[in-house]
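[1] Below are the sequence and a predicted model for it; my questions follow.
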Amino acid sequence: MKRLYLVSISFQVDVTYLIPLRGTTPDGVVNELLALDPKLAAKRLKKRADYFATGMDRCLCAGLKGEILKEVPERSFDRANEISMPRGLHAWPRAVHVNGHGLASKTFEFKAASLKDALDQFDLVAPVDLEYAPWSIWGIGLDPDLSADGHPGWTPEVEESDLDDIGYALETTLR
C-alpha cells in the first residue's frame, strides 16, 4: 500500500527588510515599527524584503505526511546549484535596514510504498521541479544592529528582545 511521504531540504538564509524613511528620522521609523502589533509590523517588513540563501544543510529530512520529519543520515542533497531564491528588492529606497537570519526549506510530497521509495523518487526530481517548489521561510531572528541610509553612525536603542515577536511573525512562503 502506498502512503504519502514528505522529503524536505533546508538552507540557512539571510534577510534584509527595508523600511522607507519617507521624510522621517530613523528613530521615528523604528519607534513606529515597535509600537505596532508584531503581526502588523511583520506584514509591513515583508513588503520590502530580500532573501539570500547562505548555506545548505546537505542532510535530507523525510517521513510520513502528518508526522515530524526526521533526518535521513544515509542520504545527502548536493543539487543546490539547481535552486535559486527569488529576489524581492530591485531598487532600494532610502531606508532603515533591518537584517536577520533564519531557515528556508522546500518540501516535496511523494506517494510511495516506503521511505526508501520516496527518497529514490526525490533523487529523480527534475531541476525545474526543484526550482518550482515554494520556499518556506521561518525561524527568523532579527539583528538589533539596525542601519539607515544617509545616517552614518546612527545607533538605535533597540534590544534583540524588542524584535523577537516581530521575528516570529515573519514566516512566509515564496514562489
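    Nice, I can see it.

[2] For the spatially most central residue of the chain, which residues are in contact?
    Central residue of the chain (CA atoms, centre = their mean): residue 137, 2.7 Å from the mean position. Contacts for residue 137 (CB atoms under 8 Å, 6 or more residues apart in numbering) come out as 13, 15, 51, 102, 103, 104, 170, 171, 172, 173, 174. The C-beta positions use only the backbone N, C-alpha and C, and glycine is treated the same way.

[3] again, only this time at 10 Å
    By CB atoms under 10 Å, 6 or more residues apart in numbering, the residues touching residue 137 are 11, 13, 15, 46, 49, 51, 85, 102-105, 170-174.

[4] For it, pull up the helix or strand it's in.
    strand 135-142 (DSSP states H and E).

[5] The next helix or strand after that strand: partners in the sheet, and parallel or antiparallel?
    Using DSSP H and E, the helix or strand that directly follows strand 135-142 along the chain is strand 147-148. With DSSP bridges as the test, strand 147-148 is paired with strand 95-112 (antiparallel).

[6] Next SSE downstream of the partner strand?
    Past strand 95-112, the next helix or strand by DSSP H and E is helix 115-123.

[7] so what secondary structure elements neighbour whichever helix or strand comes after that following helix?
    Using DSSP H and E, the helix or strand that follows helix 115-123 in sequence is helix 127-132. Contacts defined by 3 or more CB pairs under 10 Å, 6 or more residues apart in numbering; DSSP states H and E place helix 127-132 against strand 95-112.
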